[in-house]
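In: Based on what follows, work out the 3D shape:
(one chain, ligands or ions: 2)
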Amino acid sequence: MCNRYESAKKIYAKYGIDTDSVIETLKKIPVSLHCWQGDDVKGFDQDGPLTGGIQTTGNYPGKARTPEELIADMEKVLTLCPGAKKINVHACYAIFGEDGFVDRNKLEPRHFQKWVDFAKKHGMGLDFNPTFFSHSKVKDGLTLSSPDKETRDFWIEHGKACIRISEYFAKETGVPCVMNIWTGDGYKDIPADRMGPRVRYKESIEAILSEPFDKNLVKPCVESKVFGIGVEAYTVGSAEFSLSFAAMHDGCLPLMDNGHYHPTEVVSDKIPALLAFFPEIALHITRPIRWDSDHTVLFDDETKEMAKEIVRCNALDRVYMALDYFDASINRIAAWSIGLRSWQKALLMAMLTPNASLKKMQDENKLSNLIVAQESIKTLPFGDIWNEYCVRCGVPTECELWLEIEKYENEVLSKRV
Ligand code: RNT
Ligand code: ZN
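Out: Numbering: from 1, shown residues only. Ligands and ions are numbered 1, 2, ... in the order given. Presented below is the predicted three-dimensional model:
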């Protein structure tokens, strides 16, 4: 075993931390990997533009064009990232066989069988998302909150179909399926009625959740948002709407995406607030630059802070963690891997922190001692433990990562023209 690890392990032991057991624990904590990073949120069921107030920018070559390419790319990413994974699938990634296309209100489990095969092959669970965007039935920018009943009904049927598919995922994989409801519904300019759309949205989500399902298998979530591109003035599924909906509906989880708040708000502070009330919550982990830009997640301060909160609230089994970003301007395998590895680093660092003794300092009001301790922890030999974690998981270490990505780019991605 490498000397640097042995020496780092001794240093952490002085803080009461057993690095071997941290590594073993972290290996088993699943993080959900989003399929939509591989093809710029395009999907397989339509040819139109990406709508709903979200945007990918960039045209780096090599994006996945078919289900086979997308799954192959994700398989490559699995070999580059340590830790347990789940796969997060959007409904627009239905894979139609010989019997052909069906619209979103008619989707069935069989349209996702290849995703189940992929998950089972790697012993992973699956998460799911109805797709309420990039579709001709989005009427005047609205879906579940539309004043038009036919439009609402179409999307309610879609939501119900997705509940059935989520339950199928859970039964097949043996792992609960987190099903996240997000719509881009909203208005570009000042609305005349802010409550009407929210009441309709509430009733539509209730109609979706009236589809029978086992609450131990399907975990429905509602994701809030502050604004989207072209939807600047008003978002139906605002923070207060979504949090209240989840609070008032048993079995429904609030989902916080850290790109969906005003720039000075931090999700790290919201995590413990929600954990004080909800048995379980869900996260979309992203990196907003000035807006919900969905840049690749990095090992930066707020990422570390969010992981810290989950760990020191002892909530690793109460928080469903999913990545959600899409960068089309760099190698997509690199984007996926950097994001997942960064979140893994953040979790590892949080688990290598002597949280109990820091809390004690706070409770005893030893705040000078606390600031000194918090700063000194930052220079512990974290990199040596991370390196060892990668080795034990059989994935590339930091200095090996690019070589692997470059090889895949040369051998596979560059041939996609
Ligand atoms: C959009 C939301 C939503 C999407 C995915 C593709 O702002 O974050 O979660 O990114 O559903
Ligand atoms: Zn999101």
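In: Can you verify my assumption that residue 94 contacts residue 110?
Out: No - checked against CB atoms under 8 Å, the pair residue 94 and residue 110 is beyond contact range at 9.5 Å. Where you see a C-beta, it was placed from the backbone N, CA and C, and this is true even at glycine.
In: Between those two, point out the one with more neighbours.
Out: Between residue 94 and residue 110, counted using other CB atoms under 10 Å, residue 94 has the larger neighbour count: 23 against 16.
In: How about the contacts made by the nearest residue to the more buried one once chain neighbours are set aside?
Out: Using CB to CB, 6 or more residues apart in numbering and skipping the chain neighbours, the partner closest in space to residue 94 is residue 111 (4.0 Å). Neighbouring residues of residue 111 by CB atoms under 8 Å, 6 or more residues apart in numbering: 94, 95, 96, 102, 165.
In: any idea how far residue 111 is from residue 251?
Out: Note on residue 111: its distance to residue 251, by CB to CB, to the nearest Å, is 25 Å.
In: Equivalent analysis for residue 385, please.
Out: Per CB to CB, residue 385 is found 38 Å from residue 251.
In: So for those two, which sits in the more crowded spot?
Out: Using other CB under 10 Å, the more surrounded residue of residue 385 and residue 251 is residue 385, with 26 against 15.
In: hang on, that one in a helix?
Out: Yes - using DSSP: H, G, I helix; E, B strand; the rest coil, the assignment for residue 385 is a helix.
In: Now residue 209. Nearest residue, chain neighbours left out?
Out: Per CB to CB, 6+ apart, closest to residue 209 is residue 220, 6.0 Å.
In: which residues does the one you found contact?
Out: If you count contacts by CB under 8 Å, 6+ apart, residue 220 has them with 163, 166, 179, 180, 181, 208, 209, 251, 252, 253.
In: Bridging across strands, which residues link to the closest residue to residue 174 other than its chain neighbours?
Out: Using CB to CB, 6+ apart and skipping the chain neighbours, the partner closest in space to residue 174 is residue 125 (7.7 Å). Assessed by DSSP bridges, residue 125 has beta-bridge partners residue 86.
In: what's the host helix or strand of residue 242 packed up against?
Out: If you go by DSSP states H and E, residue 242 is part of helix 239-248. The contact analysis (3 or more CB pairs under 8 Å, 6 or more residues apart in numbering; DSSP states H and E) places helix 239-248 against helix 195-209, strand 218-223, strand 253-257.
In: what's the closest of the ones you listed to ligand 2?
Out: Ligand 2 sits nearest to strand 253-257 of all those, at 3.5 Å, using CB to the ion.
In: Note down every partner strand of that closest one and its orientation.
Out: In the sheet, strand 253-257 lines up against strand 218-223 (parallel), strand 281-285 (parallel) (DSSP bridges).
In: so it versus helix 239-248, what angle?
Out: 150 degrees (axes from the mean of the first three to the mean of the last three CA atoms, to 10 degrees).
In: if you look at the helix or strand containing residue 166, does any of it touch ligand 1?
Out: Counting by DSSP H and E, the element that carries residue 166 is helix 149-173. No - using CB under 6 Å from any ligand atom, helix 149-173 stays clear of ligand 1, with a minimum separation of 12.1 Å.
In: okay, the angle between the very next helix or strand once past that helix and helix 149-173?
Out: Downstream of helix 149-173, the next assigned helix or strand under DSSP H and E is strand 177-181. Relative orientation of strand 177-181 versus helix 149-173 (the same axes, to 10 degrees): 160 degrees.
In: Now do strand 177-181 against helix 195-209, angle only.
Out: On the basis of the same axes, to 10 degrees, strand 177-181 is oriented at 160 degrees to helix 195-209.
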